[in-house]
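> Provided below for reference: sequence and predicted model.
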Amino acid sequence: MSQISMLYQLQLVDSERLRKRRALIDAESNLGETPGLQQARAILVQEKTVLSHWSGRLRDLDLKLKGLNGKIKNKEQRLYSGGVHNSKELQSLQADLDQLRRRRDKTEDSLLEAMTEVDDREALVSEAQAVFGQIEEQWKAEQDTLHVTVSQLRDEMGVLEERRRELRASIDEADVDLYDSLLRSKGGLAVTVLKGELCGGCRVRVPSGLAQRVRQGQELVLCNNCGRILVSGYL
Ligand SMILES: [Zn+2]
């Protein structure tokens, strides 16, 4: 392979490396949890917290109601046993019983309210769980694909690196220096194809004599406008 062909190959390799590096950065930036997944999880955690609050309240109210029922039963037994004859004591017993019954009514109301809340909250948790599960499943599939892509790109970059090293080792040092300097100053394009008589880099027509020398491929010819290395299309 001629020096010019190798310079052109080097340019193709470097352009491909640049494309792959950008794709790799892009793919890597999408690895990890997405805002959508985090948000769905946060909503699920929040709904579970609220449900847990209401479940706790329901348990407390249930215990309270059992306690009140026990006390009411005791008082009723004493009141209806016929064992208490003192009218003051009877009045006091009746008053206690009335108060306990009122407390029981209020507790039963609160208990019903808590049961409704628990039902509603359980439905919301199920809903949030379903949404999170769906998003997580889709996210996992995307992450799997991304991991494969990243791995492939890294392998391909490795192959290109190797090819780049081989080419640079085979090209004259002065030409490699010129190539590197052009690559830096010409936006990553140091070697370009001459299309007819148009420079593929700056799109300006080169003199016929210069185009002729490029086609002969015996020497390094630079575009008289942009300074890029020109190669003929058949390379
Ligand atoms: Zn040019």
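Everything's here; your move. Numbering: from 1, shown residues only.
> In the protein, where is pLDDT below threshold?
The model of the chain has pLDDT under 70 over residues 234-235.
> all strands of it, in order?
Assigned by DSSP state E, the strands in the chain fall at 191-195, 198-199, 221-222, 229-232.
> show me the contacts for the spatially closest residue to Val131 that is not a sequence neighbour.
In space, and not counting its chain neighbours, Val131 is closest to Ala40: 5.6 Å by Cβ to Cβ, 6 or more residues apart in numbering. No exception for glycine: its C-beta is placed from N, CA and C like everyone else's. Neighbouring residues of Ala40 by Cβ atoms under 8 Å, 6 or more residues apart in numbering: 128, 131-132, 135-136.
> swap the cut-off to 10 Å and go again
Counting by Cβ atoms under 10 Å, 6 or more residues apart in numbering, Ala40 touches 34, 128-129, 131-136, 139.
> Next one: it from the ion, what distance?
As judged by Cβ to the ion, to the nearest Å, Ala40 and the ion stand 53 Å apart.
> what does Gln11 give?
14 Å.
> Pull the number of nearby residues for that residue.
Gln11 sits with 23 neighbouring residues when counted by other Cβ atoms under 10 Å.
> Return the residues in contact with it.
For Gln11, the contact set (Cβ under 10 Å, 6+ apart) comprises 167, 179, 182-183, 188-193, 228-229, 231.
> same check, this time on Lys195
Contacts of Lys195 (Cβ under 10 Å, 6+ apart): 203, 232-233.
> With neighbour count as added columns, please give those in TSV.
As requested, the contacts of Lys195 are exported to TSV (neighbours: other Cβ atoms under 10 Å):
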residue	neighbour count
Arg203	11
Ser232	17
Gly233	11
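> now the end-to-end length of stretch 166-174.
One end of stretch 166-174 sits 16 Å from the other (Cα to Cα, to the nearest Å).
> what residues does the chain put near the ion?
199, 201-202, 223, 225-226 (Cβ under 5 Å from the ion).
> tell me which of the contacts of Lys195 is nearest to the ion?
Closest approach between the contacts of Lys195 and the ion, by Cβ to the ion: Arg203, at 7.5 Å.
> and the nearest residue in space to Arg17 that is not next to it in sequence, how far is that from Glu173?
Closest residue to Arg17 apart from its sequence neighbours, by Cβ to Cβ, 6+ apart: Leu160 at 4.9 Å. To Glu173, Leu160 is 21 Å away according to Cβ to Cβ, to the nearest Å.
> Would you map the helices across this protein?
3-29, 35-80, 87-170, 173-185, 208-216 (DSSP state H).
> Deepest in the core, which of these is it.
helix 3-29 (a mean of 17; mean count of other Cβ atoms under 10 Å).
> Can you check what angle separates that helix from strand 191-195?
110 degrees (axes from the mean of the first three to the mean of the last three Cα atoms, to 10 degrees).
> Quick one: distance of helix 3-29 to the chain centre.
27 Å (Cα atoms, centre = their mean, to the nearest Å).
> And stretch 166-185, by the same measure?
40 Å.
> I would like the residues contacting it, please.
1, 3-15, 18, 188-192, 201, 220, 222, 226-229.
> Kindly recompute the last result at 7 Å.
With contact meaning Cβ atoms under 7 Å, 6 or more residues apart in numbering, stretch 166-185 is reached by 3, 6-7, 9-10, 13-14, 190, 220, 227-229.
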